[in-house]
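Trainee: got a predicted structure plus its sequence, pasted below:
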Amino acid sequence: MGRYIKTGNAGFREARNREYVDKSGLIGVVNDTLNTEWKFSCVSRARRFGKSMAAKMLCAFYDCSCDSRELFADLEIVGHPSFEKHLNKYPVLYLDMSSFVSKAGEGNIVAQMENALKTDIMAAYPDVAFVQDGDLMDTLLQVVTQRQQQFFFIIDEWDAICREYQTDKSAMDDYVNWLRRMFKDVCATRVFAGVYMTGILPIKKYRTQSALNNFREYSMVTPGALAPYFGFTKEEVQALAASHGMDFDEMEKWYDGYQIGPQPSMFNPNSVMEALRNEWCESYWGNTGAFDAITDYIQMDYEGLKDDIIDMLAGGRCAVDPKGFSNDLADVNTRDDVLTVLIHLGYLSYDRVNRECFVPNMEVAGELEYAIRANKWKQVVAMLQQSRKLLNATLSGDADTVAAMMDAAHSDDTSILSYNNENSLACVVSLAYYYARNEYVIHRELPTGKGYADLVLIPRKTIAKPAVIVELKRDKAPAAAISQIRQRDYMQKVKQYTDDILLVGISYDRDTKQHSCAIERWEETENN
């Protein structure tokens, strides 16, 4: 066994020695591509979303230098018709680019990588007559020709070199040329039964084409058939929570919310496992190492990006077109580029049906809040700091305090957003109730059957507090807002969760630039 070839199954064995969520169905999808025109796969997903775990699993399954049958005996892949055909049938090349980049010395990193792989392969096949001065492809081709055995190549964190050397055009050109030589050369079809690359970003585009357009790409934007394997499903987390005596609703609040292709509810797998290990839900996102990057991105106020970030932090959604992004962190030039980067990094979720992005959960919302503080968006930070007081004033029926706090949130010289429409008002009011996300599920524009309630706060299952229905009006008395809540019977929707409901009307006068508020408690007898 070498450093890069025939590395065995030790990595996946360690994973099986602790609690493991079965994602072996991914192997069946990859098996179906082997020795077809779709044999080249690039799977990009956010940090801590199981990229390396999947790579180790594939290495254990395909590597012919070990016997992995018992590692997969109780997993889903056993039932796939290709299980026996491909189990431990290939010499596997396994290259962890992040590890290689961290230990690379001075000089041409691509040449170092090429030489390291060649040396390992030649040592593994001492009986093969290799071409003198041949490159890595020549070396592999000699093995395939003389031993009649194709390789499976796994490159984990393929884009680590792109991130580390993003300002070094020469290194980037060398790397792209190396990838093309390896995977677009006519010999690649003979040499590889399959190739599986993981990374944070899809393959870089040149003009409108991928640098390796023969690869099938699976990403946070276009996950394809691999969508179920990008994270943990709701059912998987429910089972984990039950087995550990954890509160599933709390885990859902912190780590759910990713829409991965057709999967409507996906959890961050690393954070879930950390919460189980620590028996406590909190943010484990800070360990991903991407914080500095997002603070730089969100201060690029392209085309109102700041307003978009604020709106999403307040629970809104923003339209985004991810197709124009070149998949290069050094080439971010538009609002859509920034939002697309944040999707790939896992800071936003992407709804491909409506082409919108949004903040998925409380863990990520907290990280964006820290980024906003780092960017010194003072008025936003002040509002977030006051949001707990606003919720308490609302629950205690203190309408005057609510109105005064809304005035403070929208002062003439430091307004967060201009109140040019009711959506802007709704955004600021939603942000003002930011703290409520700790105890409530917050809905903006909740459909009720007779219209849309502007803002609805529904208490989480373990919280014994009233629901809150907020209706917003401009240039009308707050009583008119509460009247609309009653007339359209918004309470019927909320009654599914609790009969304890507060009705809140908030009005903004454009002439005086003052807010007013009315708060009433709904009684069940009103509808009887």
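Mentor: Cool, got the structure.

Trainee: quick check: phi and psi on residue 319?
Mentor: Note on residue 319: backbone dihedrals following degrees, to the nearest 10 are phi -70, psi 140.

Trainee: could you pull up the residues touching it?
Mentor: Residues in contact with residue 319 (CB atoms under 8 Å, 6 or more residues apart in numbering) are 355-356. The C-beta positions use only the backbone N, C-alpha and C, and glycine is treated the same way.

Trainee: tell me the pLDDT of it.
Mentor: On pLDDT, residue 319 comes in at 96.

Trainee: and the gap between it and residue 304?
Mentor: For residue 319, the distance to residue 304 (CB to CB, to the nearest Å) stands at 12 Å.

Trainee: now swap in residue 518 and tell me
Mentor: 32 Å.

Trainee: when the two are compared, which one has more neighbours?
Mentor: residue 518 (21 against 13; other CB atoms under 10 Å).

Trainee: who does that one form a beta bridge with?
Mentor: Residue 518 has these beta-bridge partners by DSSP bridges: residue 505.

Trainee: please look at it and residue 504 and confirm they touch.
Mentor: Yes - if you go by CB atoms under 8 Å, residue 518 and residue 504 touch, sitting 7.4 Å apart.

Trainee: reduced to three states, what does residue 105 come out as?
Mentor: Classification of residue 105 using DSSP: H, G, I helix; E, B strand; the rest coil returns coil.

Trainee: got it, and residue 430?
Mentor: Assigned with three-state DSSP, residue 430 falls in the helix class.

Trainee: next one, pLDDT for it please.
Mentor: 91.

Trainee: quick one, what contacts it?
Mentor: Shown in contact with residue 430 (CB under 8 Å, 6+ apart): 314-316, 442, 444, 455.

Trainee: if we can go back for a sec, mutual contacts of residue 518 and residue 504, please.
Mentor: Residues touching both residue 518 and residue 504 (CB under 8 Å, 6+ apart) are 481-482.

Trainee: circling back to that earlier point, for the contacts of residue 430, which single residue is the most surrounded?
Mentor: Neighbour-wise, those (other CB under 10 Å) top out at residue 314, 26 neighbours.

Trainee: got phi/psi on it?
Mentor: Dihedral angles of residue 314 (phi, psi; degrees, to the nearest 10) stand at phi -80, psi 0.

Trainee: so it makes contact with residue 427?
Mentor: Yes - assessed by CB under 8 Å, residue 314 is found in contact with residue 427 at 5.1 Å.

Trainee: list the contacts of the residue nearest to residue 253 when sequence neighbours are not counted.
Mentor: Spatially, and ignoring its direct neighbours in sequence, residue 253 is nearest to residue 362 (5.4 Å; CB to CB, 6 or more residues apart in numbering). Contacts of residue 362 were listed using CB under 8 Å, 6+ apart, and they are 253-254, 437-438.

Trainee: how about residue 153?
Mentor: Residue 153 makes contact with 92-93, 95, 182, 192, 194-196, according to CB under 8 Å, 6+ apart.

Trainee: can you classify it by secondary structure?
Mentor: Assigned with three-state DSSP, residue 153 falls in the strand class.

Trainee: please name the bridge partners of it.
Mentor: Assigned bridge partners for residue 153, using DSSP bridges, are residue 93, residue 195.

Trainee: quick one: pLDDT of it?
Mentor: Looking at residue 153, its pLDDT reads 98.

Trainee: would you map the strands across the stretch 151-300 of the chain?
Mentor: 151-156, 192-199, 205-206, 209-210, 216-218, 232-233, 258-260, 263-267 (DSSP state E, counting those that start in this stretch).

Trainee: and the last one, how far out from the chain's middle?
Mentor: The one in question is strand 263-267. Strand 263-267 has its C-alpha centroid displaced from the chain centroid by 10 Å (CA atoms, centre = their mean, to the nearest Å).

Trainee: tell me which other helices or strands it touches.
Mentor: For strand 263-267, the elements it packs on are strand 232-233, helix 234-244, helix 248-255, strand 258-260, judged by 3 or more CB pairs under 8 Å, 6 or more residues apart in numbering; DSSP states H and E.

Trainee: one more pass at 6 Å, please.
Mentor: On a contact count with 3 or more CB pairs under 6 Å, 6 or more residues apart in numbering; DSSP states H and E, strand 263-267 meets no helix or strand.

Trainee: I'd like the numbering to begin with 46 instead of 1 from here.
Mentor: In the new count, where the first residue is 46, that last one comes out as strand 308-312.

Trainee: pull up the pairing partners for that strand, direction included.
Mentor: strand 277-278 (antiparallel), strand 303-305 (antiparallel).

Trainee: and of those, who's closest to residue 376?
Mentor: With distances scored as CB to CB, the stretch of the strands paired with strand 308-312 nearest to residue 376 is strand 303-305 (24.9 Å).

Trainee: any idea of the mean pLDDT in that closest one?
Mentor: Averaging pLDDT along strand 303-305 gives 96.

Trainee: give me the contacts around it.
Mentor: By CB atoms under 6 Å, 6 or more residues apart in numbering, the list of residues contacting strand 303-305 from outside reads 268, 272, 275-276, 311, 394, 396, 405.

Trainee: 8 Å - rerun?
Mentor: Applying CB under 8 Å, 6+ apart, the external contacts of strand 303-305 come out as 265, 268, 272, 275-276, 310-313, 391, 394-397, 405-406.

Trainee: out of the residues you listed, which end up buried?
Mentor: Neighbour-count burial (16 or more other CB atoms under 10 Å) applied to the contacts of strand 303-305 gives 265, 268, 272, 275-276, 310-313, 391, 394-395, 405-406.

Trainee: okay, and for the chain, where does confidence drop off?
Mentor: 46, 251-255, 331-338, 456-467, 569-573 (pLDDT under 70).

Trainee: how is it partitioned into domains?
Mentor: Per automatic domain parsing, the structural domains of the chain span 55-263, 278-327, 333-419, 423-572.

Trainee: which of the ones you listed sits closest to residue 48?
Mentor: Between residue 48 and the domains of the chain, the tightest spacing by CB to CB is seen for domain 55-263, at 5.6 Å.

Trainee: what about that closest one, start to end distance?
Mentor: This stretch, domain 55-263, spans 26 Å end to end (CA to CA, to the nearest Å).

Trainee: check the offset of it from the chain's centre.
Mentor: Relative to its chain's centre, domain 55-263 lies at 23 Å (CA atoms, centre = their mean).

Trainee: can you pull up the most central residue in the protein?
Mentor: residue 391 (2.7 Å; CA atoms, centre = their mean).

Trainee: setting aside sequence neighbours, what's the nearest residue to it?
Mentor: residue 91 is the one closest to residue 391 (CB to CB, 6+ apart), at 2.9 Å.

Trainee: re earlier: and the domains of the chain: which comes nearest residue 49?
Mentor: domain 55-263 (4.5 Å).

Trainee: thought residue 136 was touching residue 196?
Mentor: Yes - if you go by CB under 8 Å, residue 136 and residue 196 touch, sitting 5.5 Å apart.

Trainee: on that earlier part again, now the strands of the stretch 196-345 of the chain in a markdown table, with distance to residue 83?
Mentor: Listed next are the strands of the stretch 196-345 of the chain as a markdown table, based on distance: least, CB to CB, whole Å:
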| stretch | distance to residue 83 |
| --- | --- |
| strand 196-201 | 14 |
| strand 237-244 | 9 |
| strand 250-251 | 20 |
| strand 254-255 | 14 |
| strand 261-263 | 5 |
| strand 277-278 | 25 |
| strand 303-305 | 20 |
| strand 308-312 | 21 |
